[in-house]
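> Build me a structure from this.
(one chain, ligands or ions: 1)
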Amino acid sequence: MAKGRGLPLEPSSDELHDLGGAALDLVVDFVGRRPTAPAVDLDGAHDLVDTLLAPPPEEGRPFADLLSLIGDAADVAVDTAGPGYMAYIPGGGLPGAAIAELVTLAVNRYPTVAALAPGLTAVEASVARWLCDIVGFPPEAQGILTSGGSMATFSAIVAARHARLGDDASDGVLYVSDQIHHSVAKAARLAGLPERAVRVLPADGDLRLDAGGLADAIEADRAAGRRPFLVVASAGTTNTGAVDPLADIAGVARIHDVWLHVDAAYGGFFLLTDRGRARFAGIERADSVTLDPHKGMFLPYGTGALVVRDGDALRAAHRVGAIYLQDLAPGALPDFADYSPELSRELRGLRVWLPLHLHGVGAFRHALDEKLDLARAVHEAVAGLPELELPWETELSVVAFRHRDGDDAGRRLLERVNASRRVFLSSTTVDDRFVVRVCILSHRTHRDRVDEAIELIRSAV
Ligand SMILES: Cc1ncc(COP(=O)(O)O)c(C=O)c1O
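Next comes the predicted model:
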């Protein structure tokens with residue numbers, strides 16, 4: 001590689017090989033250090049951030065120097081990729097997906113107009129089909145890969161609004177429980193709905209959307225001349241992992257002719273397990289579902305998905321023709337640009353397809369079953385500590401508990417556990433009370449680290 005001068009925009013084969021080899025060494029070292037890396041390491045972040053905020057040089061710098069800087073930048077973080085990360089919603093980041101991404105970006109195929117790259121569009125289409133299948137949707141369903149759950153829900157709301165309200169959304173009303181993820185309200189606003197359009201219903205004692213209360217609210221709005229058009233239910237809330245009664249809600253949605261969207265961003269891939277499928281009974285009757293492969297499939301951030309029962313409804317809401325695309329005849333494969341807000345973007349399918357084909361679906365099912373068992377172990381251990389209370393059942397892999405001595409005691413417990421740097425937990429507030437959450441979802445979190453977490457909680461109380 002040229003010394004002292006920048007790398008040419010088109011490196012030679014040898015240079016490319018050296019770049020890739022050095023980057024792969026960094027990755028192998030990074031992955032290998034996860035079991036011993038601190039769960040949080042923000043030491044030195046201030047200086048590093050200053051260095052990294054510097055503008056780029058006129059002449060390029062040696063790759064080795066840059067790689068070392070990138071490595072330092074990656075290390076200064078909450079270790080969201082590590083086994084001790086049990087905060088918010090973990091995922092991990094499968095290395096196979098990173099390899100797929102290297103190939104994806106290097107070949108730089110155009111994935112949203114099928115005629116330009118039928119091969120790699122088929123890869124993404126097969127993933128979209130598989131996602132529709134695991135939800136239980138019919139052949140006319142269509143899926144899209146998005147940058148995350150928030151964008152998936154955005155497209156779902158746009159599709160529901162278009163299908164049910166047409167051009168005038170001013171009287172539309174959508175229904176959620178007070179446990180719904182905030183991305184729904186955000187998506188509603190971005191979709192042009194006024195704040196008053198979002199009807200937030202109080203969750204029941206199990207923190208689930210009450211189907212009877214939903215029916216009453218729809219009837220009251222309709223009687224008042226408004227247009228109920230959408231209910232968004234949760235297949236696993238972020239706060240506690242609560243699963244709304246999807247079959248009952250689907251019944252209400254059917255009777256009252258409103259679109260049912262299910263936010264399964266956190267819980268969706270538990271559908272691969274027998275326990276998850278039983279808990280989500282009724283999800284197959286939804287009109288659309290948000291799934292987040294960067295959570296329950298352990299893929300790198302930037303991988304979300306939406307599946308819609310009536311693919312034509314998704315297309316009708318997003319398609320706007322363009323004269324300069326006239327040479328590109330539609331074929332059997334979907335033109336993903338017609339089903340989503342995006343035109344030019346990277347192919348997202350390979351980073352899902354490669355791990356699925358490399359490891360097999362069974363590996364994901366097995367890992368997700370393990371997470372359910374691990375959460376149960378935490379639940380039972382916490383139940384055995386008289387200082388703590390578990391107000392809600394652990395339905396999936398979030399264990400949410402309170403300190404009986406009050407919120408300050410809960411906060412102190414969280415601080416002590418996180419100060420260990422072996423696990424990293426987060427908190428939330430339910431019924432105005434401080435709640436500690438343990439969320440287990442990373443493919444790297446196994447029994448040994450969960451036992452450590454239990455021990456840390458025990459000694460912190
Ligand atoms: C239940 C739920 N819905 C939606 C989202 C938003 O997904 P994303 O962060 O991928 O945009 C999250 C994120 O944690 C979530 O837990």
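> Please read off the pLDDT at the closest residue to Ala160 other than its chain neighbours from the model.
Spatial nearest neighbour of Ala160, chain neighbours left out: Trp259 (3.8 Å); criterion: Cβ to Cβ, 6 or more residues apart in numbering. For glycine as for every other residue, the C-beta is placed from the backbone atoms N, C-alpha and C. Trp259 carries a pLDDT score of 98 in this model.
> quick one, phi psi at Trp259?
phi -70, psi 130 (degrees, to the nearest 10).
> Could you report the neighbour count for it?
Trp259 sits with 26 neighbouring residues when counted by other Cβ atoms under 10 Å.
> Return the residues of this protein in contact with the ligand.
Listed as neighbours of the ligand in the chain under the rule Cβ under 6 Å from any ligand atom: Ile89, Gly148, Gly149, Ser150, His181, Ser183, Thr238, Asp263, Ala265, Tyr266, Asp292, Gly304.
> measure the closest residue to the fourth one other than its chain neighbours to Val398 for me?
Translated: Ser150. Closest residue to Ser150 apart from its sequence neighbours, by Cβ to Cβ, 6+ apart: Ser183 at 4.1 Å. Applying Cβ to Cβ, to the nearest Å, one obtains 17 Å for the distance of Ser183 from Val398.
> wouldn't Asp263 be in contact with Ser177 here?
No: using Cβ atoms under 8 Å, Asp263 makes no contact with Ser177, being 10.6 Å away.
> between the two, who's got more neighbours?
Ranked by neighbour count (other Cβ under 10 Å), Asp263 and Ser177 place Asp263 first, with 29 against 24.
> Which residue does the stretch 301-450 of the chain have closest to the ligand?
Gly304 (4.9 Å; Cβ to the nearest ligand atom).
> In contact with that residue, which residues are there?
145-152, 265, 290-294 (Cβ atoms under 8 Å, 6 or more residues apart in numbering).
> partners of it in the sheet?
Beta-bridge partners for Gly304, by DSSP bridges, are Thr146.
> Where do the domain boundaries of this structure fall?
The chain is divided into the following domains under automatic domain parsing: 103-357, 361-460.
> Highest mean neighbour count out of these?
Neighbour counts (mean count of other Cβ atoms under 10 Å) averaged over each of those peak at domain 103-357, with a mean of 20.
> That one: how far from the chain's middle?
Remark: domain 103-357 is offset 12 Å from the chain centroid, using Cα atoms, centre = their mean, to the nearest Å.
> gap between the two ends of it?
One end of domain 103-357 sits 16 Å from the other (Cα to Cα, to the nearest Å).
> and if you look at stretch 275-288?
End residues of stretch 275-288 are separated by 22 Å (Cα to Cα).
> What's the mean pLDDT across that stretch?
Here the average pLDDT along stretch 275-288 is 98.
> can you list contacts of it?
Residues outside stretch 275-288 that contact it (Cβ under 8 Å, 6+ apart): 135-137, 156, 159-160, 233, 235, 243, 245-250, 253-254, 259-262, 264, 267, 269-271, 289, 306-310, 313-314, 368-369, 372, 395-396.
> what are the ranges of the helices in the stretch 51-200 of the chain?
For the stretch 51-200 of the chain, the helices defined by DSSP state H, counting those that start in this stretch cover 63-75, 95-107, 118-135, 149-165, 183-190.
> Redo those helices as JSON lines? Include mean pLDDT.
Shown next, in JSON lines, are these (pLDDT from 0 to 100):
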{"stretch": "helix 63-75", "mean pLDDT": "97"}
{"stretch": "helix 95-107", "mean pLDDT": "98"}
{"stretch": "helix 118-135", "mean pLDDT": "98"}
{"stretch": "helix 149-165", "mean pLDDT": "98"}
{"stretch": "helix 183-190", "mean pLDDT": "98"}
